[in-house]
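Asks: everything below, folded, please.
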Amino acid sequence: MATRRRSRSVHTLDLPEGNRTTDLAILELCALDRRTVVTKDSDFVDSFVLRHQPEKLLLISTGNIHNTDLEQLLRSNLPAIVAAFEVADFVELSRTALIVHG
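Replies: Predicted coordinates for the structure are as follows:
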């Protein structure tokens with residue numbers, strides 16, 4: 001059984017190309033380091049559905065939201081998000097629900 005390597009999160013701003021980093025480059029980095037993509041960008045959903053890339057995807061589907069509200073939403077749902085990734089590779093978080101796509 002393969003174990004997931006635990007590593008710190010990386011924001012696109014921390015990458016050499018910053019926010020200009022292509023989706024393909026992000027997917028390659030995720031595959032190399034076995035990272036989960038956390039995004040509001042539905043392009044990653046298309047990539048996941050068509051090619052199962054990235055390996056794990058957390059889609060934030062809240063629409064416009066203040067960063068403090070988003071942080072609170074993530075913190076309050078973190079245990080459920082972690083549990084969802086034990087059974088699925090694609091999880092979606094809205095303002096009112098955690099959806100496990102399976």
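Asks: show me the shaky parts of this protein.
Replies: Along the chain, segments meeting pLDDT under 70 span 1-7.
Asks: which residue ranges form the strands in it?
Replies: In the chain, the strands defined using DSSP state E lie at 36-39, 56-60, 90-93, 98-101.
Asks: put the alpha carbons of the third one into CSV.
Replies: Pointing back at strand 90-93 there. Extracted in CSV, the C-alpha atoms of strand 90-93 (Å, rounded to 0.1, in the frame of the first residue of the first chain):
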residue,chain,number,x,y,z
PHE,A,90,-12.5,14.5,-6.1
VAL,A,91,-14.1,16.5,-3.3
GLU,A,92,-16.0,19.8,-3.7
LEU,A,93,-16.5,22.4,-1.0
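Asks: which neighbouring elements make contact with it?
Replies: strand 56-60, helix 67-87, strand 98-101 (3 or more C-beta pairs under 8 Å, 6 or more residues apart in numbering; DSSP states H and E). C-beta: built from backbone N, CA, C; applies to glycine.
Asks: with the last one instead?
Replies: Contact partners of strand 98-101 among helices and strands, from 3+ C-beta pairs under 8 Å, 6+ apart: helix 67-87, strand 90-93.
Asks: tell me which of these sits nearest to Val45.
Replies: Among the helices and strands packed on strand 98-101, the nearest to Val45 by C-beta to C-beta is strand 90-93 (7.7 Å).
Asks: quick one: that closest one to chain centroid distance?
Replies: In terms of C-alpha atoms, centre = their mean, to the nearest Å, the centre of strand 90-93 is found 8 Å from the chain centre.
Asks: contacts for that strand, please.
Replies: For strand 90-93, contacts defined as C-beta atoms under 8 Å, 6 or more residues apart in numbering pick out 45, 48, 56-62, 73-74, 77, 81, 84-85, 98-102.
Asks: and the residues you listed, which are buried?
Replies: The neighbour count (16 or more other C-beta atoms under 10 Å) marks 45, 48, 56-60, 73, 81, 84-85, 100 as buried among the contacts of strand 90-93.
Asks: out of the residues you listed, who's nearest Thr21?
Replies: Nearest to Thr21 among the buried ones among the contacts of strand 90-93, counting by C-beta to C-beta, is Leu57 at 16.7 Å.
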